[in-house]
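**Student:** Mind looking at a prediction? Sequence and model below.
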Amino acid sequence: MKKEIKIKPFWYSDIWVFPKLITIITTLDKNGRVNAAPYSHIMQYDVMQKNPRMMIGLRQGSHTLTNIQESGEFVINCPPFGYLEDMMETARFYPAGVNELDNTRFTQIPSKKVKPPSLLECPQIMECTVDEIKLLEKSSGIVIANIEAIVMDEELEEMDREQRLKAMDLPVGLGDHQRKFYYHSRTTEFSMHELKETADAVQAADVPINMEWDDGAMQALMGIPAPVRKLVIKEAEDFTKDKGDDVVSLARFLEMGEEFGIDDELLDRFRV
């Protein structure tokens with residue numbers, strides 16, 4: 001039998017089980033002093049390659065949000081499971097101006113595109129600048145951030161997903177109890193399931209077009225895997241209209257693909 005549970009303070013953490021990636025966000029205050037704190041309310045905001053952005057939820061009044069408001073920059077560091085105690089050290093409420101990293105095993109290194117430091121021991125790092133900040137009334141501060149650089153241990157780049165998950169050994173936050181006891185899992189324990197085609201998947205190849213396409217563009221379209229052909233048609237026709245053309249030409253089709261990052265590497269993910 002199901003029972004409705006009262007929504008009360010910290011429902012997102014100690015009531016609703018919401019597994020989240022653990023990160024340490026590093027910032028600089030207006031005097032150039034380093035601050036580090038753990039945050040897990042992060043997710044992709046704009047997934048397009050041409051303008052990748054993240055969305056992060058932060059406590060209003062926190063040193064991290066204040067620093068981001070003043071500097072417009074921050075770094076998202078993903079620590080491995082073996083550094084959870086160090087991560088928890090950055091969660092303690094130190095006074096403003098104290099560098100929490102001084103009490104951890106983390107090593108600060110220069111970032112590629114922004115001023116706040118990155119953490120050497122973190123296999124996955126994202127450097128960000130502020131695009132927009134929205135302060136919710138009596139609630140969180142939401143930061144929409146431009147991704148300036150994605151940095152990772154170089155040996156990870158050529159690994160497949162299974163190898164990378166095991167090598168990174170990232171912690172996953174599973175919530176807390178009474179804002180004191182924090183629970184975590186790790187990415188080394190997982191299962192893999194293959195996405196199968198639907199029985200009528202062949203119908204996806206027969207997607208109607210709404211504009212005239214020249215022979216070159218149509219031939220290129222036929223090289224697009226059936227599962228994503230409908231999306232590509234819409235993007236190509238919208239792009240062509242925005243450019244003031246009445247016919248989808250091969251030149252416009254290729255131009256659209258370049259702008260949206262539609263290349264062979266991407267399309268291979270949809271080929272069966």
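**Tutor:** It's in.
**Student:** Strand partners (parallel or antiparallel) of the helix or strand containing residue 56?
**Tutor:** Using DSSP states H and E, residue 56 maps to strand 53-59. In the sheet, strand 53-59 lines up against strand 42-46 (antiparallel), strand 140-152 (antiparallel) (DSSP bridges).
**Student:** Run through who's touching that strand.
**Tutor:** Contact partners of strand 53-59, identified using CB atoms under 8 Å, 6 or more residues apart in numbering, comprise 25, 39, 41-46, 64-65, 68, 76, 126, 128, 131, 140-147. For glycine as for every other residue, the C-beta is placed from the backbone atoms N, C-alpha and C.
**Student:** Return the members of those classed as buried.
**Tutor:** 25, 39, 41-42, 45, 64-65, 68, 76, 126, 128, 131, 140-147 (16 or more other CB atoms under 10 Å).
**Student:** Touching, residue 149 and residue 124? I think so.
**Tutor:** No. Assessed by CB atoms under 8 Å, residue 149 is found out of contact with residue 124, at 11.8 Å.
**Student:** Okay, the closest residue to residue 241 other than its chain neighbours and residue 191: tell me how far apart.
**Tutor:** Nearest residue to residue 241 in three dimensions, chain neighbours excluded: residue 211, at 7.8 Å (CB to CB, 6 or more residues apart in numbering). Here residue 211 is placed at a distance of 44 Å from residue 191 (CB to CB, to the nearest Å).
**Student:** before we move on, what about residue 238?
**Tutor:** 39 Å.
**Student:** which of those two has more neighbours?
**Tutor:** residue 238 (13 against 4; other CB atoms under 10 Å).
**Student:** re the thing from before, so the residue nearest to residue 241 versus residue 101, what's the distance?
**Tutor:** For residue 211, the distance to residue 101 - CB to CB - is 56 Å.
**Student:** Neighbour count for those two, which is higher?
**Tutor:** residue 101 (20 against 15).
**Student:** Grab the nearest non-local neighbour of the more buried one.
**Tutor:** residue 36 (5.0 Å).
**Student:** again with residue 153
**Tutor:** Using CB to CB, 6+ apart, the closest residue to residue 153 is residue 123 (4.7 Å).
**Student:** how many neighbours does that neighbour have?
**Tutor:** Quick note: residue 123 (other CB under 10 Å) scores 20 neighbours.
**Student:** Please apply the same query to residue 127.
**Tutor:** 24.
**Student:** Over to residue 94. Which of the three states is it?
**Tutor:** For residue 94, the secondary-structure state derived from DSSP: H, G, I helix; E, B strand; the rest coil is coil.
**Student:** thinking again about what came up before, now the strands paired with strand 53-59 in CSV, with distance to residue 180 and mean pLDDT?
**Tutor:** Shown next, in CSV, are the strands paired with strand 53-59 (distance: least, CB to CB, whole Å; pLDDT from 0 to 100):
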stretch, distance to residue 180, mean pLDDT
strand 42-46, 23, 94
strand 140-152, 21, 97
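**Student:** Select, out of those, the one closest to residue 253.
**Tutor:** Checking the strands paired with strand 53-59 against residue 253 by CB to CB gives strand 42-46 as the closest, at 23.0 Å.
**Student:** Name the residues that touch that closest one?
**Tutor:** So strand 42-46 is contacted by 20-21, 23, 52-57, 76, 144-145 (CB under 8 Å, 6+ apart).
**Student:** same check, this time on stretch 110-124
**Tutor:** Residues outside stretch 110-124 that contact it (CB under 8 Å, 6+ apart): 24, 26-28, 34, 36, 71, 73-75, 77-80, 83, 101, 105-109, 125, 127-129, 148-153, 156, 167-168, 170.
**Student:** buried subset of the residues you listed?
**Tutor:** By 16+ other CB under 10 Å, these give 24, 26-28, 34, 36, 71, 73-75, 77-80, 83, 101, 106, 108, 125, 127-128, 148, 151, 153, 167-168, 170 as buried.
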